[in-house]
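Undergrad: Predicted coordinates and the sequence they were generated for:
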Amino acid sequence: MSTLIQRYTGALLALIAAFAFTLMDALAQNCMRHGLSPGQVAFGRMSITAPLVTLYIYLRQPSCFHQLDPRKHTRQDDISSLDSDDTLFLRKPALAARLIWLRSILTSIGVCLAFASMQRIAISEFITVYSPRAYLIGFLCWAVLKEAFGWRLRLAAVASSIAVVLVVQPPLLFGASVYGNPASRAAGFFFCLACLLVDTLEMVLLRYLGAGPDPLVITLSYSVACVFVSPCFMLLVGEEMGDIDGWQTCFRLFALAALGLLAQMCVVIAMQKETGGTVSVVLYAQIPFAVIVQSFLIGEAPGVLQIFGMAIIVSFGVWATVAESNEREQAKEATGEEEGYALLPTESEAPIGVHGEGEAK
């Protein structure tokens, strides 16, 4: 049992992150319905997260703050002890620190774009446009990082993207009435596409960083960056600040911060343990989770097409994850490889394993 859990740790963490993201998005939309702007929601969430994470690291792991210093260099006497299989953080700590901050800025921009898009177009339309992200992440990790993106994962990504349309049933495709100002809707779709691009790049960067940086440090840099990025985003798009109507809104923001922290930690650790393609396919579980949460809240059971779409997402995701993992384990056993982490493998090595060894297929 422990061996199975260890083998699928990355996928299980991605599944937990998908559920946490689902609840977080529901709370964020609730905050915006009560008058807060998208930038305010992002700023409020990170204003709570940043000091709490900073205090925890200061009390428990103060040495981790050095991981965010872009001026840090590997000592000359340590260079000889490093080899090509060491993580980027050990080989080039200054570059790793810069990439952590770059990824944090991209993630902050992405969350502001997502909230702004969901304020202007239907959530079903946002999810439909956003759904190809898994394939894009898997493809870029394969093309740039030489990671495996097997045919099962590719098939699961395509099948899940089609199933998303069946589940969310966007008005434009299913003939429902579409309301809203055309200019506002156009801005919403633009924000959604920009969010898709930014989030894809930040996930590839996260995978490129590898297993070196502490997940809490990556989460801290994201929260700090978002505190500065979200007000700039509000000024750039001309958002008006809403009033905080009592303790209920404060409670929602605290719950939003807690769920966001959990989701971010799970995603970061999952991307350190699994390939980008596998994690992105598992994150499709947000769609069934969203339908289940919505059905629970409004008391309306999902339709036949929605159930069929959810079944496709779950079945293809489980099949692809398990089959690809088994294939990598068999390849490692056949070659007698040790468990390890190689960020940029050479062409002469065996097929990529869970930790990134070997040649891409």
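TA: That came through, no problem.
Undergrad: Counting neighbours, what do you get for residue 143?
TA: Using other CB atoms under 10 Å, residue 143 has 12 neighbouring residues. Backbone N, C-alpha and C define where each C-beta goes, glycine included.
Undergrad: If you rank every helix and strand of the chain by mean pLDDT, what lands last?
TA: Least confident helix or strand of the chain, by mean pLDDT, DSSP states H and E, is helix 76-79 with a mean of 44.
Undergrad: which other helices and strands contact the helix or strand residue 31 falls within?
TA: Using DSSP states H and E, residue 31 falls within helix 9-33. Where contact means 3 or more CB pairs under 8 Å, 6 or more residues apart in numbering; DSSP states H and E, helix 9-33 is packed against helix 38-60, helix 93-120, helix 247-273, helix 276-282, helix 286-298.
Undergrad: State the distance from residue 124 to residue 170.
TA: 5 Å (CB to CB, to the nearest Å).
Undergrad: Need the residues touching each of those two.
TA: Common neighbours of residue 124 and residue 170 (criterion: CB atoms under 8 Å, 6 or more residues apart in numbering): none identified.
Undergrad: Setting the sequence-adjacent residues aside, check what's closest to residue 131.
TA: residue 164 (4.2 Å; CB to CB, 6 or more residues apart in numbering).
Undergrad: Do I have it right that that neighbour meets residue 287?
TA: Yes. Counting by CB atoms under 8 Å, residue 164 does reach residue 287; the two are 5.6 Å apart.
Undergrad: Which residues are in contact with the residue nearest to residue 131?
TA: Contacts of residue 164 by CB under 8 Å, 6+ apart are 127, 128, 131, 284, 287, 309, 313.
Undergrad: any weak-confidence spans in the chain?
TA: Per-residue confidence for the chain (pLDDT under 70) gives these ranges: 1-2, 4, 72-86, 171-180, 297-300, 335-361.
Undergrad: Can you tell me which residue is spatially central in it?
TA: residue 267 (5.7 Å; CA atoms, centre = their mean).
Undergrad: For residue 333, see how far away the closest residue to that residue other than its chain neighbours is.
TA: Spatial nearest neighbour of residue 267, excluding adjacent residues (CB to CB, 6+ apart): residue 17 at 4.6 Å. To residue 333, residue 17 is 29 Å away according to CB to CB.
Undergrad: So between those two, which is more surrounded?
TA: residue 17 (26 against 9).
Undergrad: That one and residue 6: what is the separation?
TA: 18 Å.
Undergrad: same deal with residue 187?
TA: Distance from residue 187 to residue 6, by CB to CB: 46 Å.
Undergrad: And these two? Which one has more around it.
TA: Set residue 187 next to residue 6 and count neighbours by other CB under 10 Å: residue 187 wins out with 17 against 11.
Undergrad: Helix, strand, or coil at that one?
TA: helix (DSSP: H, G, I helix; E, B strand; the rest coil).
Undergrad: ok, now which ones touch the closest residue to it other than its chain neighbours?
TA: Of all residues not flanking residue 187 in the chain, residue 120 sits nearest, at 5.7 Å (CB to CB, 6+ apart). Contacts here follow CB under 8 Å, 6+ apart; on that basis residue 120 touches 180, 184, 185, 187, 188, 191.
Undergrad: State the helix or strand in which the last one lies.
TA: I take that to be residue 191. Under the assignment here (DSSP H and E), residue 191 is part of helix 182-209.
Undergrad: buried residues in that helix?
TA: 185, 187-188, 191-192, 194-196, 198-209 (16 or more other CB atoms under 10 Å).
Undergrad: again, but for stretch 137-153
TA: 137-142, 145-150, 152-153.
Undergrad: Give me the distance between the two termini of that stretch.
TA: For stretch 137-153, the first-to-last residue distance is 11 Å (CA to CA, to the nearest Å).
Undergrad: do stretch 29-41 as well
TA: So stretch 29-41: terminal residues 9 Å apart, CA to CA.
Undergrad: now what about that stretch, what contacts it?
TA: Taking CB under 8 Å, 6+ apart as the rule, stretch 29-41 contacts 28, 44, 112, 115-116, 118-119, 123, 230-231, 233-234, 237, 239-245, 248-249, 252-253, 256.
Undergrad: So for that stretch, what gets flagged as buried?
TA: Per 16+ other CB under 10 Å, stretch 29-41 contains these buried residues: 30, 31, 32, 36, 37, 38, 39, 40, 41.
Undergrad: Farthest-apart pair in the residues you listed, please.
TA: With distances taken as CB to CB, the most widely separated pair in these is 30 and 39, at 16.4 Å.
Undergrad: Please point out which parts of stretch 311-331 sit buried.
TA: So stretch 311-331, judged by 16+ other CB under 10 Å, has buried residues 312, 313, 314, 316, 317, 320, 321, 324, 325, 327, 328, 331.
Undergrad: shouldn't the fifth one be in contact with residue 282?
TA: Yes. Contact between residue 317 and residue 282 holds when scored by CB under 8 Å: they sit 5.9 Å apart.
Undergrad: Backbone dihedrals for residue 329, please?
TA: The phi/psi pair for residue 329 (degrees, to the nearest 10) reads phi -60, psi -40.
Undergrad: Tell me how far the residue lying closest to it once chain neighbours are set aside lies from residue 324.
TA: Computed as CB to CB, 6+ apart, the closest residue to residue 329 that is not its neighbour in sequence is residue 7, at 6.9 Å. According to CB to CB, residue 7 stands 11 Å off from residue 324.
Undergrad: Quick one: list the elements packing against the helix or strand containing residue 125.
TA: Element membership of residue 125 [criterion: DSSP H and E] is helix 123-130. If you count contacts as 3+ CB pairs under 8 Å, 6+ apart, helix 123-130 packs onto helix 93-120, helix 151-168, helix 171-174, helix 182-209.
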